[in-house]
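Enquirer: take a look and give me a structure for this.
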Amino acid sequence: MFATVTSDCIECGACEVICPQVFRLNSYEIAEAYMNPVPQDAEKSTKEAAKSCPVAAIILE
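Expert: Below is the predicted model:
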């Protein structure tokens, strides 16, 4: 699985809180998926982070 954060991100930080193994806020405070492909043991929390994004800015493929 691959995770991507779109430009729709509103910098809420929810994804980083839910799945810090895959997501972080960069120096501009915008979320990014820094671990791709997503490690198998982080797939569940990555899906939860995507579901929890208030603007649906996380794309999973």
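Enquirer: tell me where this structure has helices.
Expert: 14-18, 43-52 (DSSP state H).
Enquirer: closest to R24 out of those?
Expert: With respect to R24, and counting by CB to CB, the nearest of the helices of the chain is helix 14-18 at 5.5 Å. For the C-beta atoms, the positions are set from N, CA and C on the backbone; glycine is no exception.
Enquirer: reformat the helices of the chain as a markdown table; add mean neighbour count, mean pLDDT and distance to N26.
Expert: Output for the helices of the chain, formatted as a markdown table (neighbours: other CB atoms under 10 Å; pLDDT from 0 to 100; distance: least, CB to CB, whole Å):
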| stretch | mean neighbour count | mean pLDDT | distance to N26 |
| --- | --- | --- | --- |
| helix 14-18 | 18 | 97 | 10 |
| helix 43-52 | 17 | 98 | 16 |
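Enquirer: in CSV, list the ones you listed along with distance to P37.
Expert: Output for those, formatted as CSV (distance: least, CB to CB, whole Å):
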stretch, distance to P37
helix 14-18, 17
helix 43-52, 10
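Enquirer: closest one to M1 among those?
Expert: Nearest to M1, of all those, is helix 43-52, at 5.7 Å by CB to CB.
Enquirer: helices and strands around the closest one, which ones?
Expert: Where contact means 3 or more CB pairs under 8 Å, 6 or more residues apart in numbering; DSSP states H and E, helix 43-52 is packed against helix 14-18, strand 58-60.
Enquirer: can I get these in CSV with distance to A33?
Expert: Converted to CSV, the helices and strands packed on helix 43-52 look like this (distance: least, CB to CB, whole Å):
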stretch, distance to A33
helix 14-18, 8
strand 58-60, 8
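Enquirer: and M1, what does it touch?
Expert: 37-38, 43, 46, 60-61 (CB atoms under 8 Å, 6 or more residues apart in numbering).
Enquirer: I'd like to know how far it sits from V17.
Expert: Distance, M1 to V17, using CB to CB, to the nearest Å: 20 Å.
Enquirer: do the same with I58
Expert: To V17, I58 is 13 Å away according to CB to CB.
Enquirer: ok, A33 next?
Expert: 15 Å.
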